[in-house]
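Participant: coords below, sequence missing:
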């Protein structure tokens, strides 16, 4: 079974630029999560999808972050414009449903200079 | 609101010894799950063990076991016969109805 795929693995941008991350969840997983993990901290949920609908985006900075999940499968997370404090690892995870085990991708390490 | 608290930012243990990581949580949910995830240095987060809140029996997975105290809202992880490969960040998490919360993590170092 293929795991959760993310790209790119690393990205360096300057502040005020835009960036997009892509996630392909495990086939058949209805729930998809995007997390922001700052070095030394736990993952912070940015947005949760159930199929292609948003379940929770209460911690998503909507003035600069956006996310979509096309046809309930792949998802993209975009930051525009980026700030220095956005430097973090962005994790994508998926699960069969909202309560169970999450399967994580390798993450995208973003550095904003 | 759901909260998860891990009060031990860092711990160390000698190889082959036993260590216990603490976690307390708060939730208003009746149906919820508890998890311990492991994040090795520069590697992916993976599930270590899970516990359904309605089950009284503590979950075990090989060298990993939990002490689930529902009334006290405590969910500690015990690692027996610690191995060098257990060195990682460990996150406690709880899931309820459409809500998944992680703790701040405990960095565990296993010493040779």
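Facilitator: Structure's in. What do you need? Quick caveat, the model's predicted, so the values are computed rather than measured.

Participant: near chain A, anything from stretch B:60-76?
Facilitator: No - Stretch B:60-76 stays clear of chain A (Cβ under 8 Å from any Cβ of the partner chain), getting no nearer than 12.0 Å. Heads up, the C-betas are built off the backbone N, CA and C, glycines and all.

Participant: give me the contact list for that stretch.
Facilitator: For stretch B:60-76, contacts defined as Cβ atoms under 8 Å, 6 or more residues apart in numbering or on different chains pick out B:20-27, B:34, B:36, B:48-49, B:51, B:53, B:56, B:58-59, B:77-83, B:92, B:94.

Participant: contact residues of chain B facing chain A?
Facilitator: Counting by Cβ under 8 Å from any Cβ, the positions of chain B adjacent to chain A are B:31-33, B:35, B:37, B:44-47, B:50, B:91, B:95-105.

Participant: residue B:88 against residue B:42, yeah?
Facilitator: No - when contacts are counted by Cβ atoms under 8 Å, residue B:88 is not listed as touching residue B:42 (10.5 Å).

Participant: is the residue most central in space within chain A bridged to anything, and to what?
Facilitator: With distances taken as Cα atoms, centre = their mean, residue A:34 lies nearest the centre of chain A, 3.1 Å away. Listed beta-bridge partners, residue A:34: residue A:47, residue A:92 (assigned using DSSP bridges).

Participant: now do it against residue B:4, distance only.
Facilitator: 19 Å (Cβ to Cβ, to the nearest Å).

Participant: dump the residue contacts of residue A:89.
Facilitator: A:36-39, A:107-110.
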